[in-house]
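Undergrad: Can you look at this prediction? I've put the sequence above it.
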Amino acid sequence: MLALQPTCALYLGAVTACKAPQHLPILQHIAYTVLRLASPSVLRNKDVFWIEGRPSEQGRSVLVRRSSDVGSIEDVTPGPKSDFNVRTRVHEYGGGEHLVTEGKAYFSNFVDQRVYVQYLELGSEPQPLTAADSKQRFANYILDGTHNRLIAVCEDHSKEGQEPENSIAAIDLATGSVDQLATGHDFFSSPVLNTDGTKLAWVAWDHPNMPWDDTMLYVSDVDAAGHLMGVVQQVAGGKDQSVQQPQWGPDGALYYIGDATGWWNLYKLESDGQPAALLPMSAEFGSPPWLFGCHSYQVVSGGTAVLAVFSDPSAAGSQLGVIDITSKALTWLDTGYTMFSRLAVVGAGVESEDGDLTVVTIAGSASKASAVVQLQVPNLAALLCSKPSDWHVIKTSSDLDLDPAYISEPQSIEFPTEDGKTAFMNFYPPMNKDYDFPPGELPALLVEIHGGPTSSASTVFNLGYQYWTSRGYAIADVNYGGSTGFGRAYRNRLRGNWGVVDVDDCCNAARYLSEKGSVDGNRLCITGGSAGGYTTLACMAFRDVFSAGAAHYGVADVELLAKDTHKFESRYLDLLIGPYPAEKELYQKRSPIHSANNIKAPVAIFQGDEDEIVPPEQSEEMWRALKNKGLPTTLMMYKGEQHGFRKAESIRSALEGEFYFYGKVLGFDATYSNDLQPMTIDNLPPTEGHTPLEEAEIR
C-alpha cells in the first residue's frame, strides 16, 4: 500500500501551533504547485525527457522534453483539454509508462490503457497502437528494433471475475497485435534485450511473494523470428532472494541487483554462469520495486565500471558513486545532492573506456527540492573528479525560493525499541528564524509514517514538512522495523508482525523524543497515508500514546483488504500477517476497526472515492465507528481521487484540513479556507472546553 509521494500544492494558512506574538514571514494565502517528477531519459542527441505530474491539471502526467539544440522545454503530450494522461495501471501503481526512442515516444494512456505512438515533432498527435477493445494493460517497455516491436509487461484483464494474467509480451509496431513471450508466473518485470537482440532476460515471481521477497531472474535465447527458443534458464534468485534490475552490459555480460547476502548489492553473471558480487558491502544498491522502470545503475566504460545509486545506513539519503569492477573500489561522487532516483546515461563512454558521458537523473537534498538534473563529462576520469557545480538543473519540482532560515533539515536518530532492538527516524525540529518558544514551552510532535509498509522515509526537501515545522511542530519521520534501506533482516522484521512492530516503533519514537525533552509529551500527533494510515489507526486503537491522529486512505480492516484488493497486493498480507483465511482471527485482531472502542483520541480521515487499493468503504466504516463512539472525527472524501491525492485542491485541502483538525481538538487557533471542499468535524466539544493558544498572524 505505497502512498503517492507528497506533492504539495501548498497553501500556507494564517495560524501556528505555538504561542507566538511574532509574525511568521511565510507567504500569505498562496497556493504552490509542486510537480511530481519521474522517469527521466536522455537520447544520444542529448534531448532529455521526463514525466511531470501536475496537480494544477487534475493530477495528470505529461511527457516533457528539453531540446539539446536550443535548450527549450516543451510538452510532448497534448494539452490538458485532451484525454491524454501518460500513466499505466499495471499493478495499479504503474511506472515504466513510456519509452522514448529516436524520433518517437510510446506510452500508456491512463483513460483507456491503450498503447499510443507519437512522433516527436512539435504538434504531433498520438496515434493508438493497441486495439480499442483490448482489456490488456502494458508497462516497462523496451524496443526490439530487429523485429519491429515493443516488448513489455502485459496485464490481461479480459477474463471477467478472474485474476488478471501477467506475462512478458511483444507488441507489433505495424499491426498492434500482441503475442505472449513468457508466461507461467503470477508476475513479471524488467525485460531486457542484449545488444544484438539474441537474448532476453526478465524477472518473475509468484504469490504470495512481493518483488522484494522471493524472485527469479530468467534468460532465454531469441531466434531470428523473435520467438524464445531452447530452455529458459533461471540464472539467479529463488528462495529468500530478491533480484531486480537486470541489465546487459556493453561487455555482453548480464548484471543485476540481488540480496543473497542480506543486502541489495550489484552482481555480474560470469561466463561460467556463476554470479559474482561487484562490491560486497552493507549497503543497498536497490530499492523496493513498487513501480516499474527502476534503473539505479549503469554499466559504463566498456564494462570496467558501474555508475550506481546506493544508500548507506550510516548516511542519510542516497549517494552516487562509481565502482571499479577490477579493483572493487568505490568512489563517492561529490554532487551536492543526497537523493537520487532513476539514472539515464548515454555517450561513447558507456561502450568504451575513453568517451563522453551524459548523466540525467532526478535528485534533491534536505534543502533542495527534487529536480531533473544533468551532468556532462568528457570521460570517466572527469566523472570521478566532478563537483556539485558540474551538475545543471533542467527542471525543478518547485520554484519556491524559501529562506534557509525557515528550512528544517532532518537529524538521523537511532532510538531504542522493543526486545533490545533499535529503529531509526529522521527528526525535523521546528524552524523559524523569527520565532523562539517561550521558556518552558516545547513543540508539538507530528509522527509521520511512510507507506508501503515496505518502503522508507525520504530525506529530500519536502515542502509539506516545512509547512508544519515553520508553524511550531516537530516531525519524526520513522523508519520502523520493516522499512527498506537497512538490509533484508531489518526489512523482514515486519513479517508476521504488521500492526505490532511498526506500532511499537512509532510509539517508541514519540516516547523517546518526549523523554529527551525534545517535544511536548502532551501534544503527540500521528499521521500516515496508505499503509502509514493503517499504522496510524493501529497506534490509536492498540496503544494510548497519541493525542490526535490523521489517516490518509488508510487500512482500517485488514481482513477486508485481504478479500478486496488488486492482484499485485492480494497476497501481500500473507507475509505481513499470515495466510488468509487460515489466520482469520488474527486478521480481525490486527484490524483497527474491530478495536475502535479502544480509541480515546480524535482521528481525522482523508480518502479518495476512486481508490482501487484501499477501497473507500474502509474509511467510511472507520469514520462511522468513531462518530458513533462520540469522538471528534471527520471524513473528507475527495471525488475523482485514487490512492494518493494528485489534484491541487485535494492536496491543499488535506494538508490544511489536518492542521485545522489538530487546532480544533488540541486547542490552538486554526482556520480552514472557505474556497476548499467543506469540512465538518463531528462531535467537536464546545470551545469552552479548550484553552486556545494565542493566534499568530502569518504574513
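TA: Right, received. Where do you want to start? Numbering: from 1, shown residues only.
Undergrad: how near is the residue nearest to residue 626 when sequence neighbours are not counted to residue 151?
TA: Closest residue to residue 626 in three dimensions, ignoring its sequence neighbours and counting by C-beta to C-beta, 6 or more residues apart in numbering: residue 633, at 4.0 Å. All C-beta spots, glycine's among them, are computed from the backbone N, C-alpha and C. Spatial separation of residue 633 from residue 151 under the definition C-beta to C-beta, to the nearest Å is 49 Å.
Undergrad: same question, residue 519
TA: Using C-beta to C-beta, we find residue 519 at a distance of 52 Å from residue 151.
Undergrad: Kindly report the same for residue 35.
TA: For residue 35, the distance to residue 151 under the criterion C-beta to C-beta works out to 30 Å.
Undergrad: likewise residue 556?
TA: Distance from residue 556 to residue 151, counting by C-beta to C-beta: 40 Å.
Undergrad: Now do the helices in the protein.
TA: Secondary structure of the chain by DSSP state H: the helices cover 348-351, 380-384, 463-469, 488-491, 501-515, 531-542, 558-563, 572-576, 584-590, 616-629, 648-666.
Undergrad: State the pLDDT value of residue 615.
TA: Here, the pLDDT recorded for residue 615 equals 86.
Undergrad: can you tell me which residues contact it?
TA: Contacts for residue 615 (C-beta atoms under 8 Å, 6 or more residues apart in numbering) come out as 560, 564, 565.
Undergrad: Out of these, the closest to residue 591 would be?
TA: Lowest distance from residue 591 to these (C-beta to C-beta) belongs to residue 560, with 7.9 Å.
Undergrad: Excluding chain neighbours, what is closest to that closest one?
TA: Setting aside the residues directly before and after it, residue 560 is nearest to residue 618 in space (C-beta to C-beta, 6+ apart), at 6.3 Å.
Undergrad: same check, this time on residue 211
TA: The shortest distance from residue 211 to any non-neighbouring residue, by C-beta to C-beta, 6+ apart, is to residue 289 (4.5 Å).
Undergrad: low-confidence ranges in the protein?
TA: Counting by pLDDT under 70, the chain contains low-confidence residues at 1-33, 687-699.
Undergrad: now with 80?
TA: With pLDDT under 80 as the threshold, the chain has low-confidence stretches at 1-33, 314-316, 686-699.
Undergrad: Could you give the number of residues near residue 231?
TA: In terms of burial, residue 231 registers 9 neighbours under the definition other C-beta atoms under 10 Å.
Undergrad: Could you do the one 4 residues further on as well?
TA: Using other C-beta under 10 Å, residue 235 has 18 neighbouring residues.
Undergrad: what residues are up against it?
TA: Each residue near residue 235 by C-beta under 8 Å, 6+ apart is listed here: 201, 217, 218, 219, 254, 269, 273, 275.
Undergrad: Now for the second one: which residues touch it?
TA: By C-beta under 8 Å, 6+ apart, the residues touching residue 217 are 201, 202, 203, 234, 235, 236, 237, 243, 246, 256, 258.
Undergrad: residues contacting the first one?
TA: In this case it means residue 201. By C-beta under 8 Å, 6+ apart, the contact list for residue 201 reads 190, 191, 192, 194, 217, 218, 219, 220, 235, 246, 248, 254.
Undergrad: Quickly list what the third one is bridged to.
TA: Spelled out, it's residue 192. Each beta-bridge partner of residue 192 is listed here, defined by DSSP bridges: residue 201.
Undergrad: quick one, what contacts it?
TA: Counting by C-beta under 8 Å, 6+ apart, residue 192 touches 142, 200, 201, 202, 246, 247, 248.
Undergrad: circling back: narrow the contacts of residue 235 to those that are buried.
TA: Buried residues within the contacts of residue 235, counting neighbours by 16 or more other C-beta atoms under 10 Å: 201, 217, 218, 219, 254, 269, 275.
Undergrad: beta partners of the closest residue to the fifth one other than its chain neighbours?
TA: Think residue 254. Distances taken as C-beta to C-beta, 6+ apart place residue 269 nearest to residue 254, at 4.3 Å, with adjacent residues excluded. Applying DSSP bridges to residue 269 yields these beta-bridge partners: residue 254, residue 275.
Undergrad: gap between residue 269 and residue 256?
TA: Using C-beta to C-beta, one obtains 7 Å as the distance from residue 269 to residue 256.
Undergrad: got it, and residue 501?
TA: Here the criterion is C-beta to C-beta. By it, residue 501 lies 30 Å from residue 256.
Undergrad: can you check residue 294 too?
TA: Distance of residue 294 to residue 256, given as C-beta to C-beta: 12 Å.
Undergrad: anything in contact with each of these two?
TA: Both residue 294 and residue 256 are in contact with 244, 245, where contact means C-beta under 8 Å, 6+ apart.
Undergrad: and the residue nearest to residue 626, what is it in contact with?
TA: For residue 633, the set of contacting residues under the criterion of C-beta under 8 Å, 6+ apart consists of 602, 603, 604, 605, 623, 626, 627, 681, 682, 683.
Undergrad: With residue 414 instead?
TA: The contact partners of residue 414, by C-beta under 8 Å, 6+ apart, come to 422, 423, 424.
Undergrad: Quick check: beta-bridge partners of it?
TA: Judged by DSSP bridges, the bridge partners of residue 414 are residue 424.
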